[in-house]
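> Please work out how this folds:
(one chain, ligands or ions: 3)
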Amino acid sequence: MALRHVVLLGPPGAGKGTQAKQIINELGLVHLSTGDILRDEVSRETELGKTAKGFMDRGDLVPDQLIIDMIRGRIEAADQGFLLDGFPRTTAQAEALAAFATIDVVLNIGLAREEVVRRLAGRRVCRDCGAIYNLTFNLAEGETTCAKCGGELYQRDDDKTEVIANRYDIYERSTAPLIEYYTRQGVVRTLDGAAGSENVFSEILELLSA
Ligand code: ADP
Ligand code: ADP
Ligand code: ZN
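Ligands and ions are numbered 1, 2, ... in the order given. Got it, this is the predicted structure:
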């Protein structure tokens, strides 16, 4: 039976969003990205968005309880299976998750700090469809519109150099311990995020259909 409760783990810039978009097309899982949900809350200026914005702009984590309350209902509603992207990010979040869902597999995408910095500085995102691009590998010089929908490409506020270093530090301190946490449960599969995205994708498909 295919694995339907999947977590994507890895530092910022590892390629979680890029892989998620392809995986859900192939496997029909619900893509639940806490970063995307939060950015939507921020742009709609909801109470949650107003609270989250300060943390996000500094590259800090939004408090656990806010995140858990935000995501829990969506996970429980995902009857056909889910792909968690950017959650859990702390041990407290993983423990809360364990109380309401089982996790079949954790895809741990690794990427070294220097490459994280390079990738995030070059990341551009479509305002309309959310497609993810990079200046260094799939955008022509000076290109400012999305090849898929014609929308405007923008740079995330937290992809500015000053914030990137803090995000990586927080990943190492708060999120990397989850690799050990899930390894003890025997569900971790590790992938090399520095490989080409097509290679990472085909490896993931193999792991998920095993
Ligand atoms: P990345 O591309 O770096 O993996 P995300 O889009 O997942 O970034 O997250 C952007 C920001 O949103 C984080 O830096 C953090 O402030 C907030 N955030 C997203 N998911 C979580 C979470 N599970 N717990 C706490 N904060 C989160
Ligand atoms: P995350 O969601 O883990 O933060 P993204 O999927 O947004 O990561 O990717 C971060 C940046 O790196 C984006 O600009 C994306 O285009 C680029 N990228 C993603 N996967 C690869 C890859 N395998 N090789 C090179 N660049 C990649
Ligand atoms: Zn687009």
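> nearest spatial neighbour of the residue in the chain that ligand 1 sits nearest to, skipping sequence neighbours?
Closest residue of the chain to ligand 1, Cβ to the nearest ligand atom: G35 (2.0 Å). Every residue, glycine included, has its C-beta placed from N, CA and C. Using Cβ to Cβ, 6 or more residues apart in numbering and skipping the chain neighbours, the partner closest in space to G35 is G86 (4.6 Å).
> Which residue ranges of the protein form strands?
Using DSSP state E, the strands of the chain run over 5-9, 30-33, 82-85, 105-110, 123-126, 132-134, 153-154, 188-192.
> how about these in CSV, adding distance to E180 and mean pLDDT?
Shown next, in CSV, are the strands of the chain (distance: least, Cβ to Cβ, whole Å; pLDDT from 0 to 100):
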stretch, distance to E180, mean pLDDT
strand 5-9, 11, 98
strand 30-33, 23, 98
strand 82-85, 18, 98
strand 105-110, 11, 98
strand 123-126, 28, 96
strand 132-134, 29, 97
strand 153-154, 36, 96
strand 188-192, 9, 98
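> In CSV: the ones you listed, plus distance to ligand 1 and mean neighbour count.
CSV is the format used below for the strands of the chain (distance: least, Cβ to the nearest ligand atom, whole Å; neighbours: other Cβ atoms under 10 Å):
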stretch, distance to ligand 1, mean neighbour count
strand 5-9, 9, 24
strand 30-33, 6, 19
strand 82-85, 7, 24
strand 105-110, 10, 22
strand 123-126, 8, 20
strand 132-134, 9, 18
strand 153-154, 14, 16
strand 188-192, 15, 17
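> mind checking how far T51 is from I37?
From T51 across to I37, the span is 14 Å (Cβ to Cβ, to the nearest Å).
> which of these two has more neighbours?
More crowded of T51 and I37, by other Cβ atoms under 10 Å: I37, with 19 against 14.
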